[in-house]
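# Sequence and predicted model, in that order:
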Amino acid sequence: MHEMSLAEGVLQLIEDTARQQEFSKVTTVWLEIGQLAGVEVAAMRFCFDAVTRGSVAEGAQLEIISTPGTGWCLGCSTSVAMSEAFGECPQCGSYQVQVTGGTEMRVKELEVG
Amino acid sequence: MCTTCGCASGEVKIDGADVHHETAAGHRHEHDHVHADGTSHRHDHSHDEGHAHQHSQERTHEHSHRYTPVHSHAPGLDARRMVQIEQDILAKNNAYAAQNRERLLERGIFALNLVSSPGSGKTTLLCKTIALLDGEPVAVIEGDQQTSRDAERIRASGAPAIQINTGKGCHLDAHMVGHAIEKLGLAEDSLLLIENVGNLVCPAAFDLGEAHKVAILSVTEGEDKPIKYPDMFRAASLMLLNKIDLLPYVDFDVDAAIAYARRVNPAIRVIRVSATSGEGLGEWLAFLRDGLSSAIAAKRQTVDSLKRQIAALEAKLQGSPT
């Protein structure tokens, strides 16, 4: 979805941090993206390259840390692995599964220099 | 750059104007800027009436650079290092949304974020709603990529409306809406209906500060949209099933549509409406009025609790020796 806006959000966080911590070049950016966050990683990379042109993060390498999707099945009363946000429980087939992990969209850290 | 909140100018326009706090006193200017280390550069910035950064008598001031300047403020930091950020990508939007929500609460305003595919009949439904509200205070924020046609339609139906053009953007964000709220000058104890850009994907992730998202699905679309675009139906508290007067002419399974919506969001409420025939609009208006009553009650509670705090502090003051 909206990867362009997300990439702009990432750049904004980087630029805010660049001002606070006074660095002028970012070489690597680590993003944590959950499997259930609805983010298309290929699109994210494309948009990141486009929005960072001419900024402190131009040419920076984008490292994506993927976190697995997990949910709590109300039927089984157990934590289950989920491959899609609104999918069924892999054990009992119920749709009453609450997502408990894998929706993260965070900038974790930067290598600057 | 906008001096109140630091937003950069872009393609977003509100009623045709750039998203700046443009006032009669607003202006841009350019001047030389000398740093403590003796280097200087030229930059431009805009002021508004609020004048967020003040020039002191020595004409020195603090300001922020959008891009890191070519000179280094802190020599010796050239070595590579790691910087921990650990921040949510949407943190900025969420902060603006929280600010909007607080402003709406303080003024007893019940705000809804209406989301759907293009062509689901949002604007027609809004025009009809305004007509039925018959003078009860309601204002509208319209989001579209281009043109102010929708805002003009709303104004023609008698409610104040403001148009946000997102340019390339596929959704409204809380920052744009904050500016629009400011420009609209909303009445106390009123309704605010925000018509998002027609898009069933992106607006789901962007909180605008609304009380509820309302998803509109028309019977001329597929009944399986709730499971094809689950994020949106998951984020909504209410689904309006629109254009139900057309049911005899289309192949649309109402029960299946509701079942799909409940699969992704067991708590979602559904109201079947037709802006053309008027069916179901009574229930929709009741939903709006109930929400408004709760918003007004919440405002009173806040005001009452503040009054109690003031009374307690005053009692303390009187009790203390001067």
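Yep, it's here. Everything quoted here is computed from the prediction, not taken from an experiment.
# How about the residue of chain B found nearest chain A: what's its closest non-neighbour residue?
Closest contact between chain B and chain A, by C-beta to the nearest C-beta, is at residue B:80 (3.3 Å). Glycine gets a C-beta too; all of them are placed from N, C-alpha and C. Nearest in space to residue B:80, with sequence neighbours left out and distances taken as C-beta to C-beta, 6 or more residues apart in numbering or on different chains, is residue A:113 at 3.3 Å.
# Isn't the one you found up against residue A:25?
Yes: using C-beta atoms under 8 Å, residue A:113 is in contact with residue A:25, at 6.1 Å.
# For stretch B:132-144, measure first residue to last.
Stretch B:132-144 has its terminal residues 25 Å apart, counting by C-alpha to C-alpha, to the nearest Å.
# Got phi/psi on residue A:6?
phi -60, psi -40 (degrees, to the nearest 10).
# how about low-confidence regions in the stretch 1-150 of chain B?
B:1-10, B:20-79 (pLDDT under 70).
# At which residues are the helices of it located?
For the stretch 1-150 of chain B, helices defined by DSSP state H, counting those that start in this stretch occupy the ranges B:91-106, B:122-133, B:149-156.
# quick one: residue A:8 from residue A:60, how far?
Taking C-beta to C-beta, to the nearest Å as the measure, residue A:8 falls 15 Å from residue A:60.
# and if you look at residue A:72?
37 Å.
# Residue B:305 too?
Taking C-beta to C-beta as the measure, residue B:305 falls 48 Å from residue A:60.
# Between those two, tell me which one has more neighbours.
The residue with more neighbours, out of residue B:305 and residue A:60, is residue A:60; 20 against 10, by other C-beta atoms under 10 Å in any protein chain shown.
# That one and residue A:23 touch, don't they?
No: applying C-beta under 8 Å as the test, residue A:60 and residue A:23 come out as separate, 11.8 Å apart.
# any low-confidence regions in chain A?
For chain A (pLDDT under 70), the answer is A:1.
# try 90 this time
By pLDDT under 90, the low-scoring segments of chain A are A:1-5, A:8, A:36-40, A:74-75, A:82-91, A:93-99, A:103, A:113.
# got the buried residues for stretch B:225-244?
B:225-227, B:229-244 (16 or more other C-beta atoms under 10 Å in any protein chain shown).
# Could you find the closest non-adjacent residue to residue B:294?
Here the residue nearest residue B:294, using C-beta to C-beta, 6+ apart, is residue B:110, at 7.3 Å.
# Up against chain B, what does chain A have?
By the rule C-beta under 8 Å from any C-beta of the partner chain, the part of chain A lying against chain B is A:1-2, A:4-6, A:9-10, A:12-15, A:17-19, A:21-24, A:27, A:31, A:38, A:54-56, A:85-86, A:95-96, A:104-113.
# give the contact list for residue B:100.
B:111, B:174, B:177, B:178, B:181, B:208, B:209 (C-beta atoms under 8 Å, 6 or more residues apart in numbering or on different chains).
# any idea whether the residue nearest to it when sequence neighbours are not counted is helix, strand or coil?
Spatial nearest neighbour of residue B:100, chain neighbours left out: residue B:209 (2.8 Å); criterion: C-beta to C-beta, 6+ apart. With DSSP: H, G, I helix; E, B strand; the rest coil as the basis, residue B:209 sits in coil.
# Next one, pLDDT for residue B:209 please.
At residue B:209, the predicted lDDT confidence score is 97.
# Let me know whether it touches residue B:101 as I believe.
Yes: Residue B:209 lies in contact with residue B:101 (C-beta under 8 Å); the separation is 4.0 Å.
# The two: which has the busier surroundings?
Applying other C-beta under 10 Å to residue B:209 and residue B:101 shows that residue B:209 carries more neighbours, namely 24 against 17.
# measure the more buried one to residue B:194 for me?
If you measure residue B:209 against residue B:194 using C-beta to C-beta, the figure is 9 Å.
# so what sits against both of these two?
When contacts are counted by C-beta under 8 Å, 6+ apart, residue B:209 and residue B:194 have B:111, B:177 as shared neighbours.
# Just want the most central residue of chain A.
residue A:33 (2.3 Å; C-alpha atoms, centre = their mean).
# so that one bridges to which residues?
For residue A:33, the beta-bridge partners under DSSP bridges are residue A:66, residue A:105.
# give me the element residue B:314 is part of.
With elements taken from DSSP states H and E, the one containing residue B:314 is helix B:281-319.
# and that helix, which residues are buried?
So helix B:281-319, judged by 16+ other C-beta under 10 Å, has buried residues B:281, B:284, B:287, B:288, B:291, B:292, B:295, B:296, B:298, B:299.
# now, among those, which is nearest to residue B:266?
residue B:287 (18.9 Å; C-beta to C-beta).
# residues in contact with that closest one?
B:238, B:271.
# Then residue B:90?
Taking C-beta under 8 Å, 6+ apart as the definition, contacts of residue B:90 comprise A:6, A:9, A:105, B:205, B:206.
# Okay then, goodbye and thanks.
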